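1. With the sequence up front, the predicted model follows.
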Amino acid sequence: MTLEDCQAYAAFLAAPWPAERWCGPRGREKWSPLGRPFEGPLSSRAQAQAITILKNLYSFLADQNYLTGNPWKGVARPPTNAPDVGLVLIAAAVLLRNNGNLLRASSPGWKTRRPTGVWPLRYTCFTEPASG
């Protein structure tokens, strides 16, 4: 496998061609003549993930001396514009959980303060306040 092969596959993930051979609706069985592996072009995040997986696989194979090199090292990941929603939600949950504890620790009169900012969102997202 060469760098050109890897770049061609990365371009294929962005726009599978011919589309009638590779793209189809979801829910078809793999063994069906109507089954297709893609619904359409992969999102930039999915392309980046696929390239990352292939880079890591080929790095492992090269490290184990199954290959003389890793052609995927020369392939750039496509830019991803959208943030990872899962990480954003986890970060928001941690921030909201810890915000009450930080506010309590830093303010002696925290009980008398009116909930503003993230507090209403915190009580909307979580059923019980963080202990602390």
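-> Structure's in. What do you need? All figures in this text were calculated on a predicted structure; none of them were measured in a lab.
2. Number of residues surrounding the nearest residue to G74 once chain neighbours are set aside?
-> With sequence-adjacent residues excluded and distances taken as C-beta to C-beta, 6 or more residues apart in numbering, G74 is closest to L3, at 4.6 Å. No exception for glycine: its C-beta is placed from N, CA and C like everyone else's. Per other C-beta atoms under 10 Å, the neighbour tally for L3 reads 14.
3. L3 against N70, yeah?
-> No - assessed by C-beta atoms under 8 Å, L3 is found out of contact with N70, at 9.8 Å.
4. Where do the domain boundaries of the protein fall?
-> 3-74, 85-125 (automatic domain parsing).
5. residue ranges for the helices of this structure, please.
-> Here the chain has its helices, by DSSP state H, at 3-14, 19-22, 44-63, 85-106, 119-125.
6. if we can go back for a sec, which residues are in contact with the residue nearest to G74?
-> Residues in contact with L3, defined by C-beta atoms under 8 Å, 6 or more residues apart in numbering, are 71, 74-75.
7. where in the protein is pLDDT low?
-> Along the chain, the parts satisfying pLDDT under 70 run over 81-89, 91-132.
8. let's see it at 90
-> The chain contains residues with pLDDT under 90 at 1, 12-46, 76-132.
9. Just the buried residues from the contacts of L3, in PyMOL please.
-> Buried residues within the contacts of L3, by 16 or more other C-beta atoms under 10 Å, are selected in PyMOL with:
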select buried, resi 71+75
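10. Distance to C23 for the contacts of L3 - can I get that in CSV?
-> Shown next, in CSV, are the contacts of L3 (distance: C-beta to C-beta, whole Å):
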residue, distance to C23
P71, 26
G74, 27
V75, 22
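11. For F12, state which of the contacts of L3 is nearest.
-> Taking C-beta to C-beta as the measure, V75 is the one of the contacts of L3 closest to F12, at 12.1 Å.
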